[in-house]
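Novice: Fold the stuff below for me.
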Amino acid sequence: MEGPFTSGNALRVLTHSLSSRLLLLTLLYVLVTEILIFVPAIGRYHESLLEDHVKSAELAVLPFTESSGKDVSPELRQQLLQRAGANAVALKRMDVRDFYLVSTLPTKIDRAYDIFHASLFSEMANALDCILNGGNRALRITSWTQIKGAEAIDVILFEDQIHAALVDYARNIALLALLISVATALLVFASLYIVLVRPMRKLTQSMIAFRENPEDPSRIVSASQRRDEIGIAERELGSMQRDLYASLQQKNRLAALGVAVAKIQHDLRNILSNAQLASDRLASVDDPVVQRLAPRLVASLDRAVSLATSTLRYGRAEEREPARAHVPLLPIVEEAVQAAIDSTKAENVASTVDIDAKLLIDADPEQLYRIVLNLARNAVEAMTSRSAPARLTISAQHQSMRVTIDIADNGPGIPEKVRERLFQPFAGTARPGGSGLGLAIARDL
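Specialist: Numbers count the residues shown, from 1 in each chain. Next up, the predicted model:
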């Protein structure tokens, strides 16, 4: 049960949700971008305010630099200088300095600005200093001038007008930047939510629903026609879910089939036991043909009983451990090849067993016989559909501590599609009517 909604819970949801993280990151990145634009903008504006005061001071003292300026009355001169917003103006010439006093000079200069050597970084630093520390400071602004005969101009004034104008400008720019940031963040978030987050949420919900009941085909995700990574992920997820659903269905059918086979094998084992008793009596008959066929019949029945018992055990996932022994390989292979040919009634198959009679192998004779029998039967069945002469060759090599058995045939080979599910029960067969169990049994053994 979820706890009460608190600020901590809200923060946890906000930081753990992909949508919320995306919104926060979008806001953060847009704000950083706006800051990178805002600081240079106020720096440039602060520099323009300083230049405006210098130009106003130039216009104010320009009449006094001409010869006719001497006729200007002191009252008019005072009004012109006051309109420049300066306390004093000084023109630097080659050998003299003209000084024009408007009002009382400040006792000290708090900050000096040299427009000659201003750079972007110094403009930004000066603007931030003015906003944070400015107000009533006394300033001296040094700049180049267009007044004839003057090299530079110095303007002394108080900072209150510049500070007030810069604060208003910064406030307006900040509000505009915040508005743009929020609008941009919402647009970017809405776009990413539609394009990325919502499809990802759909994929996540589909995975959760499919995990709860993977045998319900209605919970398989419906892939869209998108061609981007999301579309690929949807199609791959749908394909994986369909494969898993098919695999579960096959396992359910195999489980039901296993129960039926176990019942059949139980009864078959009893029938084979009765056949064993009959074969034992048949072995005592003096007929030469019976004496020649009886051992093979007895061995086949013994293996059939053992196979039925093993099948029952396999259905309970209790396949016995191999009873390994050093046994000759040649008799096992020859018997398995002959049994494969006899069981398929393939009379036109020429078999060659190239194995040294002295070669011993460390293995379970019964399990090795079943492995070779399944592989040889597959090879014989693959060649019976061809009109060309069928050849089955089995060889073995002993290298170091390993014996390699090679079973080769001149059949058509295994199709590429069948190779993908070659060792899956009931799936890895290329022959019509085949069960697809031979290689699965051989691999398990």
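
Novice: Surely Met156 is in contact with Tyr100?
Specialist: That one is not Met; residue 156 is Ile. No. Ile156 sits out of contact with Tyr100 when judged by Cβ atoms under 8 Å, with a separation of 10.3 Å. Yep, even glycine has a C-beta here, placed from its N, CA and C like the rest.

Novice: Common neighbours of the two, please.
Specialist: 88-90 (Cβ atoms under 8 Å, 6 or more residues apart in numbering).

Novice: Now, those residues that are in helices?
Specialist: Assigned to helices by DSSP state H, none of these qualify.

Novice: Would you mind giving those as TSV with neighbour count added?
Specialist: What follows is the shared contacts of Ile156 and Tyr100, written out as TSV (neighbours: other Cβ atoms under 10 Å):
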residue	neighbour count
Ala88	19
Val89	24
Ala90	19
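
Novice: Where does the prediction get shaky in the stretch 251-400 of the chain?
Specialist: Applying pLDDT under 70 to the stretch 251-400 of the chain flags residues 259-260, 262-274, 276-278, 280-284, 290, 301-320, 385-387.

Novice: end-to-end on stretch 113-124?
Specialist: Stretch 113-124 has an end-to-end distance of 13 Å (Cα to Cα, to the nearest Å).

Novice: Quick one: the strands in the stretch 301-445 of the chain, in order.
Specialist: Per DSSP state E, counting those that start in this stretch, the stretch 301-445 of the chain carries strands over the ranges 325-328, 349-354, 360-363, 390-399, 402-409.

Novice: Looking at those, spot the one closest to Gln291.
Specialist: Among the strands of the stretch 301-445 of the chain, strand 325-328 comes nearest to Gln291, with 23.8 Å by Cβ to Cβ.

Novice: what's in contact with the closest one?
Specialist: So strand 325-328 is contacted by 357-365 (Cβ under 8 Å, 6+ apart).

Novice: can you list the strands of the stretch 301-445 of the chain in TSV and add mean neighbour count and distance to Leu375?
Specialist: Output for the strands of the stretch 301-445 of the chain, formatted as TSV (neighbours: other Cβ atoms under 10 Å; distance: least, Cβ to Cβ, whole Å):
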stretch	mean neighbour count	distance to Leu375
strand 325-328	12	18
strand 349-354	15	13
strand 360-363	16	14
strand 390-399	17	9
strand 402-409	14	5
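
Novice: for those, which one sits closest to Val195?
Specialist: Val195 sits nearest to strand 402-409 of all the strands of the stretch 301-445 of the chain, at 55.7 Å, using Cβ to Cβ.

Novice: CA atoms only: put the closest one into PDB for me.
Specialist: This file holds the C-alpha atoms of strand 402-409, laid out as PDB (Å, rounded to 0.1, in the frame of the first residue of the first chain):
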ATOM      1  CA  ARG A 402      39.700 -38.000 -27.500                       C
ATOM      2  CA  VAL A 403      38.000 -40.300 -30.100                       C
ATOM      3  CA  THR A 404      36.300 -38.500 -33.000                       C
ATOM      4  CA  ILE A 405      33.600 -40.300 -34.900                       C
ATOM      5  CA  ASP A 406      32.800 -39.000 -38.400                       C
ATOM      6  CA  ILE A 407      29.500 -40.000 -40.100                       C
ATOM      7  CA  ALA A 408      29.200 -38.800 -43.700                       C
ATOM      8  CA  ASP A 409      26.700 -39.300 -46.500                       C
END
